[in-house]
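S.K.: Got a predicted model here, sequence first, then my questions.
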2 protein chains.
Amino acid sequence: MKIGIDMGGTTTKIGIVSTEGKILYQTNIPTPFYPDIDDFIDALYDATIPMIEKVGFENIESIGAGCPNGNFYKGTIEHAANLPWKGIVPFAEKISNKFSGIPCRLTNDANAAALGEMKYGVAQNMKNFIMITLGTGVGSGIVIDGKLVYGHDGFAGELGHVKIVRGTEGRRCGCGQTGCLETYCSATGVVRSFIELSWKNQNTNTITSKDIFLLAQKGDPTAIEVFRRTGELLGQAFADFVCFSAPEAIILFGGLARSGDLLIKPIQQSMEENLLPQWKGKIKILTSKLNESDAAIIGASEI
Amino acid sequence: MKIGIDMGGTTTKIGIVSTEGKILYQTNIPTPFYPDIDDFIDALYDATIPMIEKVGFENIESIGAGCPNGNFYKGTIEHAANLPWKGIVPFAEKISNKFSGIPCRLTNDANAAALGEMKYGVAQNMKNFIMITLGTGVGSGIVIDGKLVYGHDGFAGELGHVKIVRGTEGRRCGCGQTGCLETYCSATGVVRSFIELSWKNQNTNTITSKDIFLLAQKGDPTAIEVFRRTGELLGQAFADFVCFSAPEAIILFGGLARSGDLLIKPIQQSMEENLLPQWKGKIKILTSKLNESDAAIIGASEI
């Protein structure tokens, strides 16, 4: 059995995962509640121990954590904007020490999701695919030849920050750049697009991407156009990604991925228009069928 | 000993490569002279046999070929625009049959160059790098974790066809798309840029990228601006590539790569401006030090 940790800016979920990839027990703790990383580790330990006792400490092989800005090579969380701990946190080492030496590995959350998808989801039997997470941001986990791509420094797979709009007219991104894919195609980007297109005709102060999805389902032309445009940009970006690694499929994961044809159809049309001839009609766009929360924990346990 | 074949649209070069990576003997045949692939194979065999006889047939381990549109998985050359043989050519199988069963593998020319660079060039000891060939077109060989990326279908690494100018205003590319990196940053692209900027003030009908380089060296402002703009676009593209595979270095190869600071400085400036914070100042831009013609033969022998 393994422990999987899915760390988010709001909540950190912890699960005991069976060798068959089932979550036997799970719990969670509020991430921002612990400004000191050691207090967080203590709280995580205290929350996990009762679950471990049910299955026996000696039966836990390893601990895996999907963390924002997680560095697989170093086991560190580095300069994560949405976490309370600044600088470089040696998270894997701290966890392993706290849990009496059980080995701990970590990677970023999109990579963890890709591992979950490869082991138990639509990417089973795939050796080359790209996982795109469409959440608050846009993340990615790239699998080549059956293995996650970590790159020279452990940070590979930041496809949310390729430039989809070049030059200074691109939207400002949290990373300091402009025109990043994430500024247009994340849940937040969809809201920005909707507000831009609405010209203040509607009260958009508190609108969410889910509200826009519901509006689109009801036939609201602005909301439909926002999804069309979002899909168009994603399709353009995907055609570039295919030039890189020629994947069998691109798999969408996260809240926006559940938008169905509203998003998938414009993605497919735009990607096909932009693909080289040898790839036209051959690259699958799939959506994850895994329960989002479970997949992150299960994927983390597979790191 | 191995045989390395570097197939180009004009000339096919064949070399006997020692186990130390030295070319012991080499020759070449004119590619377009043989509209029938079997005549070409016969000619290649006849040209190679005298070299093989000098080292002993029994000492040849394998044959590797770097070919335009070469598919590593299938050993085929597929729909190569600049070769006389149309459709799908089972090149590796034909070569192996002709050479009494010596195993033959092939891949595209940029991948072969990357292998040569990894074994004997500036990428020695590197496990993660991207080779960019700046020739008539823009090609690429991507190495991740010490291995070439072939992707699901064997065609990965077509970075000359990512879109550097999106929308319809991009230049028309031979691939059928518009705005591909290759239309701006290949030798041909540089000539197009120069002609665009020259406003017919100069006789540009027969100008080559090398002429433009020489003009720039003499201080011609239009030529200098062409290199600046070419480097700027390459730097933007490279920042996107880094998001994908976080390489240790991007290595330039081919005619334009010998332009020195005229091209390298704007590439570095533009890439740095577009990189995510964690990569700023950390990605090397290198130029191949291998003799271009030799590197292609030696790299091919390493497939």
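M.R.: Structure's in. What do you need?
S.K.: Domain ranges for chain A, per the record?
M.R.: If you go by automatic domain parsing, the domain ranges for chain A are A:2-112+A:294-301, A:125-287.
S.K.: Determine how far the shortest one lies from the middle of the whole chain.
M.R.: Think domain A:2-112+A:294-301. Put simply, domain A:2-112+A:294-301 sits 16 Å off its chain's centre (CA atoms, centre = their mean, to the nearest Å).
S.K.: Then stretch A:149-156?
M.R.: On CA atoms, centre = their mean, the centre of stretch A:149-156 falls 16 Å from that of its chain.
S.K.: Which positions in it come out as buried?
M.R.: Buried positions in stretch A:149-156, judged by neighbour count with 16 or more other CB atoms under 10 Å in any protein chain shown: A:149-156. Bear in mind the C-beta positions are built from the backbone N, C-alpha and C, glycine included.
S.K.: cool, stretch A:241-256 as well?
M.R.: The neighbour-count check on stretch A:241-256 (16+ other CB under 10 Å) flags A:241-256 as buried.
S.K.: So it, near chain B or not?
M.R.: Yes. Residues of stretch A:241-256 contacting chain B under CB under 8 Å from any CB of the partner chain: A:241, A:243-248.
S.K.: taking those residues one by one, which sit in helices?
M.R.: A:241, A:243-245 (DSSP state H).
S.K.: still on that earlier bit, please identify which pair of the residues of stretch A:241-256 next to chain B lies farthest apart.
M.R.: Among the residues of stretch A:241-256 next to chain B, the pair separated by the greatest distance (CB to CB) is A:Cys243 and A:Glu248, at 14.9 Å.
S.K.: for the buried residues of stretch A:149-156, which one is nearest B:Ile142?
M.R.: So of these, ranked by how close each gets to B:Ile142 (CB to CB), first place is A:Val149, at 9.9 Å.
S.K.: Who are the contact partners of the closest one?
M.R.: Residues in contact with A:Val149, defined by CB atoms under 8 Å, 6 or more residues apart in numbering or on different chains, are A:142-143, A:156-157, B:144-145, B:244-245.
S.K.: returning to that earlier point: can you tell me which of the residues of stretch A:241-256 next to chain B is nearest chain B?
M.R.: Nearest to chain B among the residues of stretch A:241-256 next to chain B: A:Ala246, at 2.7 Å, using CB to the nearest CB.
S.K.: Surely that closest one touches B:Ile142?
M.R.: No. Here A:Ala246 does not reach B:Ile142: they are 10.2 Å apart, not a contact under CB atoms under 8 Å.
S.K.: residues shared between the contacts of the two?
M.R.: Shared contacts of A:Ala246 and B:Ile142, counting by CB under 8 Å, 6+ apart, come down to B:156-157.
S.K.: neighbours around the residue of the stretch 1-150 of chain A found nearest chain B, how many?
M.R.: Residue nearest to chain B within the stretch 1-150 of chain A: A:Asn128 (4.2 Å; CB to the nearest CB). A:Asn128: 21 surrounding residues under other CB atoms under 10 Å in any protein chain shown.
S.K.: Could you pull up phi and psi at it?
M.R.: When read as degrees, to the nearest 10, the backbone of A:Asn128 gives phi -140, psi 110.
S.K.: Likewise for A:Gly141?
M.R.: The phi/psi pair for A:Gly141 (degrees, to the nearest 10) is phi -130, psi 120.
S.K.: So what sits opposite it in the bridge?
M.R.: On the basis of DSSP bridges, A:Gly141 is bridged to A:Met131.
S.K.: residue contacts, the residue of the stretch 1-150 of chain A closest to chain B?
M.R.: A:143-145, A:245-248, B:151-152.
S.K.: Setting aside sequence neighbours, what's the nearest residue to A:Gly167?
M.R.: Leaving out its chain neighbours, the residue that sits closest to A:Gly167 by CB to CB, 6 or more residues apart in numbering or on different chains is A:Gly179, at 7.2 Å.
S.K.: Mind telling me what element the spatially most central residue of chain A is part of?
M.R.: Centroid-nearest residue in chain A: A:Ala110, 3.4 Å away (criterion: CA atoms, centre = their mean). Applying DSSP states H and E as the criterion places A:Ala110 in helix A:109-120.
S.K.: again, but for A:Thr183
M.R.: A:Thr183 belongs to helix A:181-185, assigned by DSSP H and E.
S.K.: Give me the distance from that helix to the chain's centre.
M.R.: For helix A:181-185, the distance to the chain centre is 14 Å (CA atoms, centre = their mean).
S.K.: Check stretch A:169-183 too.
M.R.: That offset, for stretch A:169-183, works out to 18 Å (CA atoms, centre = their mean).
S.K.: From A:Leu262, how far out is the residue of the stretch 1-150 of chain A closest to chain B?
M.R.: A:Asn128 sits at a distance of 28 Å from A:Leu262 (criterion: CB to CB, to the nearest Å).
S.K.: what's the answer for A:Asp109, then?
M.R.: 25 Å.
S.K.: dump the residue contacts of A:Leu115.
M.R.: A:107, A:141, A:148, A:299-300, A:302-303.
S.K.: what about the residue lying closest to A:Phe72 once chain neighbours are set aside, neighbour count?
M.R.: Counting by CB to CB, 6+ apart, A:Phe72 lies nearest to A:Thr107, which is 4.4 Å off, once chain neighbours are set aside. Counted with other CB under 10 Å, residues neighbouring A:Thr107 total 28.
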